[in-house]
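1. This is the structure alone, sequence omitted:
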């Protein structure tokens, strides 16, 4: 995920330190003396009651902000407050703004030829470079009040707010930047991340699309649209966006890899759904068969116990004082009682399983199964095709190589599951043939992992290759011939 940092941009506003020659020192000293006098007069009731005093103070501090920030790093703010004081005090007899008030209002509104806005931006940049982010944010925010159509202060205000993790202030500044026609794609990207962090995916995508209006060919903005569509669960729409990107820029391997991964994930999800559906389709019949078999077994035990009771009872008649025979009879009766209780429970379970089986919509599930299989096959084909497109452009692309290896590895594991679930009869009939295909898929996966390791020495590829080699050695020991399918 990209982050917004515009340190280099802000450095454009860095101001070279005053050279310490005699003339400049006199200027700075003059500003200091004038500042001290103005500060003293500001607390004088007579001076502070006059609009003219506040106008002089406003202009003084504006000049300090523009020419000698070392005298007061927040001079622009003091000038801003002084201009507001002029507006407050300079009224005609009719209560309307006087000449000085109109002049002050023009400055506060960023009128043509005024410099207070620039003074704020300058001092904001200085504070930013001094890592006083809160001070910088205050200056940039006040600058936006002066010039509401500006993009400069809103850009830098958003940056400072974002670095302070003041998300609402950052959004407000960046939104102003966008509303005023700002073009920097990084701002739209950063603003979209703020909305994404709130799970406001629609607003995030809307912001990216506004950025694309300004920068139609920006690849980062286009790619992030796809990322957010995926994060919001809109996989089908994300695929459409990526298909368009892949068509317009067929040499962009990252788009192709992302598209292949999407199809790969889609086929895996479909395969998982197929497993679940198979379980549902077989659950009713298989559960009923198991319960019925167990029920018959318990009934068979009752017959055995009845026979034992009869046999031991006959012996006791002949040996009425034999304690061991009496113990045996007690044990048999106890076991018979347990079987009778088990029969009652199994009969109830059998009824429930039969009812559940009747409730299955077999036709509906078969239709769903056909749809899932078609989706899985289509997604598989598109995943492989796009991985191979990547390798046509970049034969050493690690992601495509590793993911193709994983694809064939997983196919082998799924197929091996069929062998593992076979009984002896089934294995004798077709077990060897399927094992050959399993071996073939592991063998097909192997070169992709080997090439992936050559491209990038990653532990995941090396560990998986070790597993594949071990499996192939086991097949060789069993003299299983690997059958590679196209």
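-> Nice, I can see it. Keep in mind that this is a model prediction, so the values were computed, not measured. Numbering: from 1, shown residues only.
2. Dihedrals phi and psi, residue 91?
-> phi -130, psi 140 (degrees, to the nearest 10).
3. Cross-check the contact I'm expecting between it and residue 99.
-> No - between residue 91 and residue 99 there is no contact under C-beta atoms under 8 Å: 11.1 Å. Heads up, the C-betas are built off the backbone N, CA and C, glycines and all.
4. what residues are shared contacts of these two?
-> Shared contacts of residue 91 and residue 99 (C-beta atoms under 8 Å, 6 or more residues apart in numbering): none.
5. Please tell me how far residue 280 sits from residue 353.
-> Separation of residue 280 from residue 353 (C-beta to C-beta, to the nearest Å): 13 Å.
6. More neighbours: which of those two?
-> residue 353 (20 against 13; other C-beta atoms under 10 Å).
7. Who are the packing partners of the host helix or strand of that one?
-> Per DSSP states H and E: residue 353 is located in helix 323-359. In this structure, helix 323-359 makes packing contacts with helix 253-318, judged by 3 or more C-beta pairs under 8 Å, 6 or more residues apart in numbering; DSSP states H and E.
8. what angle separates the helix it packs on from helix 323-359?
-> Helix 253-318 runs at 140 degrees relative to helix 323-359, counting by axes from the mean of the first three to the mean of the last three C-alpha atoms, to 10 degrees.
9. next structured bit after the lowest-mean-pLDDT helix or strand in the chain?
-> Within the chain, confidence by mean pLDDT, DSSP states H and E is lowest for helix 7-10 among all helices and strands, at a mean of 41. Next along the chain after helix 7-10, taking DSSP H and E as the criterion, comes helix 22-42.
10. List the buried residues for that next one?
-> Neighbour-count burial for helix 22-42, with 16 or more other C-beta atoms under 10 Å as criterion, is recorded at 28, 31, 34-35, 38.
11. Against residue 56, how distant is residue 86?
-> Taking C-beta to C-beta, one finds residue 86 at 10 Å from residue 56.
12. Between those two, which has more neighbouring residues?
-> residue 86 (27 against 17).
13. Help me confirm that that one comes into contact with residue 99.
-> No - with contact taken as C-beta under 8 Å, residue 86 and residue 99 are classed as non-touching, separated by 10.3 Å.
14. Residues that sit against both of these two, list them.
-> Joint contacts of residue 86 and residue 99 (C-beta under 8 Å, 6+ apart) do not exist.
15. Counting by contacts, list what the host helix or strand of residue 247 packs against.
-> Using DSSP H and E, residue 247 sits within helix 235-248. Secondary-structure packing of helix 235-248 (3+ C-beta pairs under 8 Å, 6+ apart): helix 219-231, helix 253-318.
16. Can you add distance to residue 186 and mean pLDDT and give those helices back as a markdown table?
-> Listed next are the helices and strands packed on helix 235-248 as a markdown table, based on distance: least, C-beta to C-beta, whole Å; pLDDT from 0 to 100:
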| stretch | distance to residue 186 | mean pLDDT |
| --- | --- | --- |
| helix 219-231 | 8 | 86 |
| helix 253-318 | 19 | 80 |
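17. Check those helices for me and report the most buried one.
-> The highest average neighbour count among these, using mean count of other C-beta atoms under 10 Å, belongs to helix 219-231 at a mean of 20.
18. circling back to that earlier point, using TSV, please lay out the helices and strands packed on helix 235-248 together with distance to residue 387.
-> Shown next, in TSV, are the helices and strands packed on helix 235-248 (distance: least, C-beta to C-beta, whole Å):
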stretch	distance to residue 387
helix 219-231	18
helix 253-318	5
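19. which one of these lies closest to residue 160?
-> Closest to residue 160 of the helices and strands packed on helix 235-248, according to C-beta to C-beta: helix 219-231, at 22.4 Å.
20. Identify the residues contacting residue 32.
-> residue 71.
21. need the contact list for the residue of the chain positioned farthest from its centre.
-> Residue farthest from the centre of the chain, counting by C-alpha atoms, centre = their mean, is residue 318 at 83.4 Å. Not one residue lies near residue 318 by C-beta under 8 Å, 6+ apart.
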